[in-house]
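Colleague: Build me a model from this:
(chains A and B)
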Amino acid sequence: EPEVTQTPSHQVTQMGQEVILRCVPISNHLYFYWYRQILGQKVEFLVSFYNNEISEKSEIFDDQFSVERPDGSNFTLKIRSTKLEDSAMYFCASSDVVVVDTQYFGPGTRLTVL
Amino acid sequence: DAKTTQPPSMDCAEGRAANLPCNHSTISGNEYVYWYRQIHSQGPQYIIHGLKNNETNEMASLIITEDRKSSTLILPHATLRDTAVYYCIVRVNDMRFGAGTRLTVKP
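Modeller: Reported below is the predicted structural model:
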């Protein structure tokens, strides 16, 4: 069964450093998403992406964040200058129809900012 | 997207049916009811979704009231591996997760 994969599973970085989180969505999917979950809190929507542009973003997704689909398979989330409060699980998801369709989530990347 | 209300926690005996309720009284006509679950810190896992008819798949059944203001997710024979946080989400497009219901299946 096809699945969303994410790398790395755990990323440790120093405050102020740039990080790139990588996702490989399910191959025939066209819509891509990033979510984050701070430890002990709820899953929060960050951004959705379709046709090489952002469809929607939350208030969390400020200028420190960017997304890119650099090739036909990868979908990345970049945080330019990490802060302590960026420490969280980051989940990628994909779907093939944005309305009334199922988003499939990856296993997540745990980002720890020191 | 409409707001949902779920009990914060529930227990269920292994082998029994788990019935998880969700209130979504402000749901609009084009909003679907989705259920996901999250086991420990894994990525959310899709369970089932519906608009107004009851739905069943290999994982669960979804019962939606006629006025669509509430729904119930039924796990017919809960196992220990069903222990998770269950999220009821009402959506058209992007999903907004609430706090969910923490279901604990006990032996």
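Colleague: Around chain A, which positions in chain B sit nearby?
Modeller: Neighbours of chain A within chain B, by C-beta under 8 Å from any C-beta of the partner chain: B:32, B:34, B:38, B:41-46, B:49, B:51, B:87, B:92-100. C-beta coordinates here come from the backbone N, C-alpha and C atoms, glycine included.
Colleague: Just the buried residues of these.
Modeller: Buried subset of the residues of chain B next to chain A (neighbour count, 16 or more other C-beta atoms under 10 Å in any protein chain shown): B:32, B:34, B:38, B:43-44, B:46, B:49, B:87, B:94-98, B:100.
Colleague: Widest-spaced pair of those?
Modeller: Across those, no pair lies farther apart than B:Y32 and B:G43, at 20.3 Å, counting by C-beta to C-beta.
Colleague: re earlier: among the buried ones among the residues of chain B next to chain A, which one lies nearest to B:D11?
Modeller: Looking across these and measuring by C-beta to C-beta, the closest to B:D11 is B:G100, at 15.0 Å.
Colleague: Could you tell me which of the residues of chain B next to chain A belong to strands?
Modeller: Taking DSSP state E, the ones among the residues of chain B next to chain A that sit in strands are B:32, B:34, B:38, B:45-46, B:49, B:87.
Colleague: Residue of chain B nearest chain A, please.
Modeller: B:G43 (3.5 Å; C-beta to the nearest C-beta).
Colleague: got a list of what that residue touches?
Modeller: The contact partners of B:G43, by C-beta atoms under 8 Å, 6 or more residues apart in numbering or on different chains, come to A:4, A:91, A:93, A:105-108.
Colleague: In terms of pLDDT, where does B:D1 sit?
Modeller: B:D1 is assigned 56 on the pLDDT scale.
Colleague: any idea how far chain B is from A:D86?
Modeller: From A:D86 across to chain B, the span is 17 Å (C-beta to the nearest C-beta, to the nearest Å).
Colleague: Now for A:R110, how many residues are close by?
Modeller: 17 (other C-beta atoms under 10 Å in any protein chain shown).
Colleague: Name the SS class of it, please.
Modeller: With DSSP: H, G, I helix; E, B strand; the rest coil as the basis, A:R110 sits in strand.
Colleague: Please identify which pair of the ones in strands among the residues of chain B next to chain A lies farthest apart.
Modeller: B:Y32 and B:Q38 (19.3 Å).
Colleague: Look up the pLDDT of A:N51 for me, please.
Modeller: 89.
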